[in-house]
Structures are given as structure tokens and as C-alpha cells.
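Trainee: Based on what follows, work out the 3D shape:
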Amino acid sequence: MTTLRTLKKLVLGETWVVPLGVLAILLASALIHHFAGHAWTELGGLALAPGVLIVFCFSVSRTARSR
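Mentor: Residues are numbered from 1 along each chain as shown. Predicted coordinates for the structure are as follows:
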């Protein structure tokens, strides 16, 4: 039940890990787009999706620990 409660908190925005992680991914992607725009056009989505999944998994594992 702890995992479901944690997922609910993440979806409803009761944590700052996910928004800050997504912000970091978007800032990093903007830098990559600035320096390698031609590659970003082809591979941008492939870089963003795993980044968001990594942030989400990190957030769930961090907040689902027993207290």
C-alpha cells in the first residue's frame, strides 16, 4: 500500500523531486539543442523519454522507503 500512496503523492504534486527533475531534463535538453540542433531534431524524443522515466523511478524509490 505504501507504493500506491507514494504514486498518488507524485501524481498529485506533493513532492518537489519530479518537477525539479523534469526542469533539469528540460534545461539540459535546451543546452543540447543549442549546441547540436541537427542531432536534437532527430533524437530529441529519445533523449527526453528515458530522462523523465529515470526521474520518476528515482522519485518513487526515494519516497517509497520505509520510515
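Trainee: show me where the protein has helices.
Mentor: Along the chain, counting by DSSP state H, helices occupy 2-12, 17-35, 37-63.
Trainee: Take those helices and write them to CSV, including mean pLDDT.
Mentor: As requested, the helices of the chain are arranged in CSV below (pLDDT from 0 to 100):
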stretch, mean pLDDT
helix 2-12, 76
helix 17-35, 85
helix 37-63, 81
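Trainee: Let me have those helices in CSV, extended by mean neighbour count.
Mentor: Every residue, glycine included, has its C-beta placed from N, CA and C. Converted to CSV, those look like this (neighbours: other CB atoms under 10 Å):
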stretch, mean neighbour count
helix 2-12, 12
helix 17-35, 13
helix 37-63, 13
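Trainee: show me what contacts Thr6?
Mentor: Neighbouring residues of Thr6 by CB atoms under 8 Å, 6 or more residues apart in numbering: Val60, Thr63, Ala64.
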